[in-house]
Every structure is written in structure tokens, then in C-alpha cells.
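# quick one, fold the following:
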Amino acid sequence: MRFRKDEEAVSPVIGVILMVAITVILAAVIAAFVFGLGGNVKTKKTPAISVKRINSTAIELTLQDKGGAKTIANPTITSPTVTNNIPADSDWTIGETKTINDANLVSGAHLVVKATVDGEDQVVLDTTI
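Have a look, this model is predicted:
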């Protein structure tokens, strides 16, 4: 059996290409941190709303402090099965409860609540009650 002493695992050309690629990637990552390119990303606030059934035609919605939202504005129910809106004084703060009475709030009704959170409209609740 013969062993050759001049065998190499990777050719020198491939080794140089890999080192250059790693250097370019590291330079791009460092430049992104130095110039603050990653700092302008906004985190989306996702308020938590709990739903509690009071009786066969009424529910309570409570805004909880989960997700970073302190208040939500202009909440509206967009579900086709529910006809009553959230009360007119509709801005919510943490811990506040809103009660909705509607004959269409039967078991299995689909409830979707949209609201303005930090100036952006988004769905804050999508559930079946």
C-alpha cells in the first residue's frame, strides 16, 4: 500500500474563495450594526383580550397587559353575526372591561375585533365564542 504525502483535502483556490466569502459576510454584518440599519425595525404590539360569557346573549371583553400595548383606540366588531358595536366611549386601557349584549352572540358565533394600536389598524381578537 502506498501513501502519498502531497494530497490535500481542499484545493487552495476553494479555500481562498471561502475565506473571502466569510470576510465579506462578516463585514456586512458589522456594517449593519455600526450604521444602525437594524435599529429602525418597529415591533408590533399585540394586545391580549380575554373573552368571558356572561349569559346567552352577552360577553365581557377585557384588555390585558400582554404584548406591550397600553391602550387601544376605535375597537369595532367586524363579525357578520354580531350587530352591536362596542360602546361609543371605546378607547380601552389595561384592565378595562367592555360588555357587549347582542342576540346573535350564541354559542359558536365568530367574533373579530379590529382596533387602532399605536396608530396602526390591526385585528386584536379573532375567536369563536
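# what's opposite the nearest residue to Trp92 once chain neighbours are set aside in the beta bridge?
Closest residue to Trp92 apart from its sequence neighbours, by CB to CB, 6 or more residues apart in numbering: Leu63 at 4.4 Å. The way it works is simple: take the backbone N, C-alpha and C, and place the C-beta from them, glycine included. For Leu63, the beta-bridge partners under DSSP bridges are Ile49.
# wait, doesn't Leu63 sit right on Asp91?
No: counting by CB atoms under 8 Å, Leu63 stays clear of Asp91, with 10.1 Å between them.
# which residues do the two both contact?
Residues touching both Leu63 and Asp91 by CB atoms under 8 Å, 6 or more residues apart in numbering: Ile72.
# who's in contact with the residue nearest to Trp92?
By CB under 8 Å, 6+ apart, the contact list for Leu63 reads 47-49, 69, 72, 92-96.
# rerun that using 7 Å as the cut-off
Going by CB atoms under 7 Å, 6 or more residues apart in numbering, Leu63 touches 47, 49, 72, 92-96.
# pLDDT score assigned to it?
As predicted, Leu63 sits at a pLDDT of 80.
# and the strand or helix carrying Thr116, what's buried?
Using DSSP states H and E, the element containing Thr116 is strand 110-117. Buried residues in strand 110-117, counted by 16 or more other CB atoms under 10 Å: 111-117.
# and stretch 68-77, what's its mean pLDDT?
In this model, stretch 68-77 carries a mean pLDDT of 74.
# can you list the residues that contact that stretch?
Defining contact as CB under 7 Å, 6+ apart, one finds that stretch 68-77 is touched by 45, 47, 63, 85-86, 90-94, 111-118, 124.
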